[in-house]
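S.K.: Sequence and predicted structure are below.
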Amino acid sequence: QKEVEQNSGPLSVPEGAIASLNCTYSDRGSQSFFWYRQYSGKSPELIMSIYSNGDKEDGRFTAQLNKASQYVSLLIRDSQPSDSATYLCAVIPYTGGFKTIFGAGTRLFVKA
Amino acid sequence: DTGVSQDPRHKITKRGQNVTFRCDPISEHNRLYWYRQTLGQGPEFLTYFQNEAQLEKSRLLSDRFSAERPKGSFSTLEIQRTEQGDSAMYLCASSSQGTSAADTQYFGPGTRLTVL
């Protein structure tokens, strides 16, 4: 079992729709969770971080965390073609340090 | 531009040669991370430093890989006796120790290594 799992996609949504990206993780003691966006040929950039169960909203982005189910998701409202990228889920497992484990990413295409 | 720089941006080498990459983090950041990324995969953790101390190193890393961060500023990643399987993008990231349990990592542009 991979430490962080994501559906590789591609996920295709029309412009203006809600894109839903999902991630599961194996270390039940994990405390810190992140969503990064990576455009083709570029480096990852942080979109959201979440540490507590529930929802966290930032503009068009909402991160959702359910530690009991070991599940974290990212919702993108009013999707734009510029949102087309690979979305990486990242987790810091409970090691007492800051080693960060990334999933393989989900490719999102937003059709105009 | 995040403020994290890496040099070189591209490196082509022959199998068996040694290569060294450099990362300059954002100046006030005390944590520095190295990752390796291959096509279609997420970044794979290699190691990280807090100031000059190397706190964790991936078990996946063979003895051919070594990293240093003298004086807690820039860092170097050396790969000895390169193999074709080492071909990848090598990413550096830095972060600042804040009051939260974890903090934002800012990534550099990466060094693309091709081993012939």
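M.R.: Cool, got the structure.
S.K.: number of nearby residues for the residue nearest to residue A:46 when sequence neighbours are not counted?
M.R.: Closest residue to residue A:46 apart from its sequence neighbours, by CB to CB, 6 or more residues apart in numbering or on different chains: residue B:104 at 5.0 Å. Where C-beta positions appear, they are placed from N, C-alpha and C, glycine not excepted. Residue B:104 sits with 16 neighbouring residues when counted by other CB atoms under 10 Å in any protein chain shown.
S.K.: wait, isn't residue B:104 in contact with residue A:49?
M.R.: Yes. Here residue B:104 lies in contact with residue A:49, judged by CB atoms under 8 Å, at a distance of 7.0 Å.
S.K.: Was I right to think residue B:7 contacts residue B:111?
M.R.: Yes. Between residue B:7 and residue B:111 there is a contact at 7.4 Å, judged by CB under 8 Å.
S.K.: Which one of the two is surrounded by more residues?
M.R.: residue B:111 (22 against 14).
S.K.: quick one: residue B:18 and residue B:82 touch, right?
M.R.: Yes. Contact criterion CB under 8 Å: residue B:18 and residue B:82 qualify, at 7.1 Å.
S.K.: Looking at those two now, which is surrounded by more residues?
M.R.: Between residue B:18 and residue B:82, counted using other CB under 10 Å, the more crowded position is residue B:82 (21 against 11).
S.K.: Make sure that one is indeed in a strand.
M.R.: No. Judged by DSSP: H, G, I helix; E, B strand; the rest coil, residue B:82 forms no part of a strand; its state is coil.
S.K.: and the helix or strand that contains residue B:32, how far from the chain's centre?
M.R.: Per DSSP states H and E: residue B:32 is located in strand B:31-37. Computed by CA atoms, centre = their mean, to the nearest Å, the chain-centroid distance of strand B:31-37 equals 4 Å.
S.K.: Which helix or strand contains the residue of chain B found nearest chain A?
M.R.: Chain A sits closest to residue B:42 of chain B, with a gap of 3.4 Å, by CB to the nearest CB. If you go by DSSP H and E, residue B:42 is not part of any helix or strand.
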